[in-house]
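Engineer: next input, structure requested:
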Amino acid sequence: MADAEKFIKRNPHPDFKGVEASRPKWDESLEWKYTKTRDPDWKLGGGANDGGRSLEKNHIEIDPYQEGRPATFNYKLLISAIVPRPIGFLSTRSKDGESINLAPYSYFNMVNHDPPMFIIGVAGGMDRAKDSLKNVVETQEVCINIISEHYVEAANACSVNAPYGTSEWALTGLTPAPCTHIKASRVKEAIFSIEAKLYKTEEFESRATPGKKTGVLLMLEGIKFWAREDAINEDRNLMDPNVLRPISRLGGITYARTVEGLEIPRPDYDEMMSIENSKSFAKPKADGQ
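Structural biologist: This is a model prediction of the structure:
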């Protein structure tokens with residue numbers, strides 16, 4: 001994967017430091033805030049909130065297996081379109097206990113709460129498993145850490161193509177802290193971490209190159225949560241976004257800050273139908289609507 005970076009060309013800037021120097025400084029004053037939705041007065045049947053402008057645009061059809069289209073094109077397209085993505089910052093330990101590993105994965109999400117289930121997508125097959133995948137499969141355990149603003153540079157550094165055996169903990173300066181039920185360490189700087197056990201793996205085979213293994217899905221069951229005390233409420237069931245300050249992945253080398261939110265209550269059908277003229281929108285399902 002390290003050599004593939006040069007082929008993928010994820011970094012669009014030949015002189016990244018020069019481009020970065022031209023940008024505004026990090027705004028430390030930004031605090032989490034709620035805003036109104038774009039159209040607080042939206043009503044049933046209102047459609048998009050852009051006044052129909054999106055309907056004036058045309059779309060192009062893309063065949064992921066079009067002749068001559070490299071698989072990396074699909075990769076770059078999808079990581080720029082399926083956004084923002086949470087990042088699973090994985091801490092693992094080798095089966096013999098002599099090697100520990102830290103690595104960020106943006107093919108990550110939660111898929112269930114009882115039991116707490118999480119998924120991680122790892123590029124490449126079992127036949128060329130990188131440290132994290134090898135460690136999880138062999139030890140059946142992993143710690144998932146959520147990346148926050150205050151250590152995004154250190155977390156990103158863990159994606160470096162360092163030689164095998166090089167410690168990411170030492171490269172980043174992050175601090176290992178003990179877990180309760182697994183041998184892998186959690187990142188002490190992380191505001192939220194999850195001790196997890198391996199539930200199942202699924203290996204994917206290329207459609208474009210049959211026989212080639214292109215990825216592995218890790219299904220992980222959370223068995224212990226760690227939340228920083230100033231970020232969790234008294235009932236221990238809600239994190240404060242202004243303390244968590246989670247970082248997400250966009251396309252290429254772009255990350256995003258989470259400093260603004262909006263609230264939209266989930267509608268109740270009976271209440272919805274009690275609004276004047278609402279029943280005219282309650283129609284049978286049919287093609288084209």
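Engineer: low-confidence stretches in this structure?
Structural biologist: Within the chain, the segments meeting pLDDT under 70 span 1-7, 289.
Engineer: which residues does the most centrally placed residue in the chain contact?
Structural biologist: Taking CA atoms, centre = their mean, the centroid of the chain lies closest to Pro86, which sits 2.3 Å from it. Listed by CB atoms under 8 Å, 6 or more residues apart in numbering, the contact set of Pro86 reads 106, 108-109, 146, 246, 248-249. Backbone N, C-alpha and C define where each C-beta goes, glycine included.
Engineer: again, only this time at 7 Å
Structural biologist: Neighbouring residues of Pro86 by CB atoms under 7 Å, 6 or more residues apart in numbering: 108-109, 248.
Engineer: now do the strands in the stretch 151-289 of the chain.
Structural biologist: Along the stretch 151-289 of the chain, the segments classed as strands by DSSP state E, counting those that start in this stretch run 176-177, 186-187, 192-205, 213-227, 247-249, 255-257, 260-262.
Engineer: by contact count, what packs against the fifth one?
Structural biologist: Counting contacts by 3 or more CB pairs under 7 Å, 6 or more residues apart in numbering; DSSP states H and E, strand 247-249 packs against strand 255-257.
Engineer: now the strand it packs on: buried residues?
Structural biologist: Across strand 255-257, burial judged by 16 or more other CB atoms under 10 Å covers Tyr255.
Engineer: returning to that earlier point: turn the contacts of Pro86 into a markdown table, columns for neighbour count.
Structural biologist: Below are those laid out as a markdown table (neighbours: other CB atoms under 10 Å):
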| residue | neighbour count |
| --- | --- |
| Phe108 | 21 |
| Asn109 | 13 |
| Ser248 | 16 |
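Engineer: ok, so of those, who is nearest Ser193?
Structural biologist: Closest to Ser193 out of those is Phe108 (13.5 Å), distances taken as CB to CB.
Engineer: my guess is Leu90 meets Tyr107, correct?
Structural biologist: No - with contact defined as CB atoms under 7 Å, Leu90 does not count as touching Tyr107 (11.3 Å).
Engineer: any shared contact partners between the two?
Structural biologist: In contact with both Leu90 and Tyr107: Ile120, using CB under 7 Å, 6+ apart.
Engineer: the more surrounded of these two?
Structural biologist: Leu90 (28 against 19; other CB atoms under 10 Å).
Engineer: so which elements touch the helix or strand that contains the more buried one?
Structural biologist: Applying DSSP states H and E as the criterion places Leu90 in strand 88-93. If you count contacts as 3+ CB pairs under 7 Å, 6+ apart, strand 88-93 packs onto strand 100-105, helix 131-139, strand 141-146, strand 186-187.
Engineer: recalculate using a threshold of 8 Å.
Structural biologist: strand 100-105, strand 116-123, helix 131-139, strand 141-146, strand 186-187 (3 or more CB pairs under 8 Å, 6 or more residues apart in numbering; DSSP states H and E).
Engineer: in JSON lines: these, plus distance to Tyr65 and mean neighbour count.
Structural biologist: Listed next are the helices and strands packed on strand 88-93 as JSON lines, based on distance: least, CB to CB, whole Å; neighbours: other CB atoms under 10 Å:
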{"stretch": "strand 100-105", "distance to Tyr65": "25", "mean neighbour count": "22"}
{"stretch": "strand 116-123", "distance to Tyr65": "18", "mean neighbour count": "19"}
{"stretch": "helix 131-139", "distance to Tyr65": "26", "mean neighbour count": "21"}
{"stretch": "strand 141-146", "distance to Tyr65": "33", "mean neighbour count": "24"}
{"stretch": "strand 186-187", "distance to Tyr65": "39", "mean neighbour count": "25"}
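Engineer: mind exporting stretch 92-105 as PDB, just the C-alpha atoms?
Structural biologist: The C-alpha atoms that make up stretch 92-105 are tabulated as PDB, following Å, rounded to 0.1, in the frame of the first residue of the first chain:
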ATOM      1  CA  THR A  92      -3.400  -3.800  18.100                       C
ATOM      2  CA  ARG A  93      -0.800  -6.100  19.600                       C
ATOM      3  CA  SER A  94       0.900  -9.000  17.900                       C
ATOM      4  CA  LYS A  95       0.100 -12.600  19.200                       C
ATOM      5  CA  ASP A  96       3.600 -12.900  20.700                       C
ATOM      6  CA  GLY A  97       3.100  -9.600  22.500                       C
ATOM      7  CA  GLU A  98       6.400  -8.200  21.100                       C
ATOM      8  CA  SER A  99       5.000  -5.800  18.600                       C
ATOM      9  CA  ILE A 100       2.200  -3.100  18.900                       C
ATOM     10  CA  ASN A 101       0.600  -1.200  16.000                       C
ATOM     11  CA  LEU A 102      -1.400   2.000  15.500                       C
ATOM     12  CA  ALA A 103      -3.200   2.800  12.200                       C
ATOM     13  CA  PRO A 104      -6.100   4.900  11.100                       C
ATOM     14  CA  TYR A 105      -8.900   3.400   8.900                       C
END
